[in-house]
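K.L.:
Provide a 3D model corresponding to the input given below.
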Amino acid sequence: MSASMKPRAYRWLGLIAASLGGFLGALDLTVNVALPAIRGAFDIDLATVQWIIIAYVGTSTGLQLVVGRLADQYGLRRFYLLGVVTYTVAVSLVAVAPTFALVLAGRVLQAVGFALIVTTVPAIVTQLFPATERGRALGAMTSIQTLGMVAATLGGGYLIDAFGWASIFSTRVPFALIALALAWWVLRDTDTNSDGRLAPVSVVALIATVAGLVLALNLGGRIGWGEPLVLIFATVAISGGFLFVRSESRAPVRIVDPSVLTPNLLRALSAGFLMSMASFINLFILPFFVSDVIGEGAIVLGLLLTIPPVASAVSAPLAGWLADRTSAPLVATGAITIVAIGTFSFTLLDTDATAMHVGYCLALFGLGMGSFQSSNASSVLGGLTAKQLGVGAALLSLAFSMGMITSIGLMTALFESFRDAARVAIPTASEVVVFTDAFRSTYYVATGLLVLAIVILSTRRWGARKMVPDAKF
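P.N.:
Modelled structure (predicted):
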């Protein structure tokens, strides 16, 4: 049955079933809040407890592209269900783990499940809906996922204080079981693309390349770029990349078919990378501005950080609806322009700013971010065939993840260099003034990255969009 012939209720039930997986992934934001409690529970130092984040990000990001290709070969529904099962088992194990080593092992398993989920959800939603409704569907998917961020932001601290750090993992199990049951009942197997076996050398080399790069960037921003461990991971990434290119040039079946990497798709992925790199500073620089400069506490900070996902949940389906009726790339260009304006507005904040001023900036930023995510996904996935959607979704997720990781490493280093320069330039200034100066300079750079993304999208060829053929689902 083609997407256009499926009952409307079935399509939207399928969207909810798939999007619940994204909701589960978004709940992982609570882990950052739980790090102090986990460190105290196992009596470990800060550097050790951070591996809960590092191992998760490195594993999930390293697997995404390979998983997306395999999902195209052997079935999106099958890989999504496997991902939800793996994720459920993992969070259950982490919640009862008696040692930190077992917690870390559970987090790696959870990352495998997340990689399976994040690379199949957009592809499933794209196949469920006809081209005329695809943008709105992807917008609704984005809204459901961002609601997971809202729930994590508002509920994470309460759960940890009331029931302990393990509760942020155990409370996900009911949601995971609902997602699993609904997906098993609603979703149907798709046509597969078993065009041959992937070269094992290419698979291992690609995972090593991406994981090594992720770990090098992540650790470099935390412990220093010249540390031996950072250099080891960088060497793994470079060696793996060389081996991957060499293996793929000879492989009869490639992980990423070159025909997928059209100029327009590369533009959209580049814009997504730059948007992620520019916007992630809101999570690791802005909180210190709120606490140290304007003097607000954790409650106000938590409420402020819920503004972007709420705004995104509102704007994403509206932008998707508009993309269905006009042009998804055009809407994406307009959306990232709003993100750029919102990011630039942070440069206008000074030591007299209030929480309300920050809230206005975050609301504008969130409206643009949600609009961009749904329209950019529609632009990328709408230009692929049904048997390329897993790879397309994986490329979207990989671009976002690499932007986030690069932001942690490079933008943090840039902020610190701006702060050092401000101390030298204004030796009599207070630390608050120095921080504010570096804060504004960093947001100027972030705005510049977004302007570059706008330029990249603006060079797109505005020809007819290739529609995804209706697939059996």
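
K.L.:
From the contact counts, what lies against the helix or strand of the chain with the lowest mean pLDDT?
P.N.:
Least confident helix or strand of the chain, by mean pLDDT, DSSP states H and E, is helix 46-49 with a mean of 78. Applying 3 or more CB pairs under 8 Å, 6 or more residues apart in numbering; DSSP states H and E, we find helix 46-49 packed against helix 30-42. No exception for glycine: its C-beta is placed from N, CA and C like everyone else's.

K.L.:
what separates the helix it packs on from the chain centre, distance-wise?
P.N.:
22 Å (CA atoms, centre = their mean, to the nearest Å).

K.L.:
Next: stretch 203-218.
P.N.:
On the basis of CA atoms, centre = their mean, stretch 203-218 sits 17 Å off its chain's mean C-alpha point.

K.L.:
who touches it?
P.N.:
The contact list for stretch 203-218 (CB atoms under 8 Å, 6 or more residues apart in numbering) reads 54, 57-59, 61-66, 230, 233-241, 243-244, 247, 255, 398, 401-402, 405-406, 408-410.

K.L.:
Would you mind extracting the C-alpha trace of the strand or helix carrying Q127 into PDB?
P.N.:
Per DSSP states H and E, Q127 falls inside helix 121-128. The C-alpha trace of helix 121-128 is given here as PDB (Å, rounded to 0.1, in the frame of the first residue of the first chain):
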ATOM      1  CA  VAL A 121      12.800   7.400  13.200                       C
ATOM      2  CA  PRO A 122      13.000  10.200  10.500                       C
ATOM      3  CA  ALA A 123      13.200   7.600   7.800                       C
ATOM      4  CA  ILE A 124      10.100   5.700   9.000                       C
ATOM      5  CA  VAL A 125       8.100   9.000   9.300                       C
ATOM      6  CA  THR A 126       9.200  10.000   5.800                       C
ATOM      7  CA  GLN A 127       7.900   6.700   4.400                       C
ATOM      8  CA  LEU A 128       4.700   6.800   6.200                       C
END
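
K.L.:
Skip ahead from that helix and say which helix or strand is next.
P.N.:
Beyond helix 121-128 on the C-terminal side, the first helix or strand identified by DSSP H and E is helix 134-163.

K.L.:
If you count neighbours, what's buried in the helix or strand just after that following helix?
P.N.:
Sequence order places helix 167-170 as the next helix or strand after helix 134-163, per DSSP H and E. By 16 or more other CB atoms under 10 Å, the buried positions in helix 167-170 come out as S167, I168, F169, S170.

K.L.:
From the chain's centroid, how far away is helix 167-170?
P.N.:
Worked out by CA atoms, centre = their mean, helix 167-170 lies 21 Å from the chain centre.

K.L.:
same question, stretch 408-426
P.N.:
26 Å.

K.L.:
Residues contacting that stretch, please?
P.N.:
217-218, 220-221, 225, 277, 280-281, 284-285, 429, 433-435, 437-439, 441-442, 445-446.
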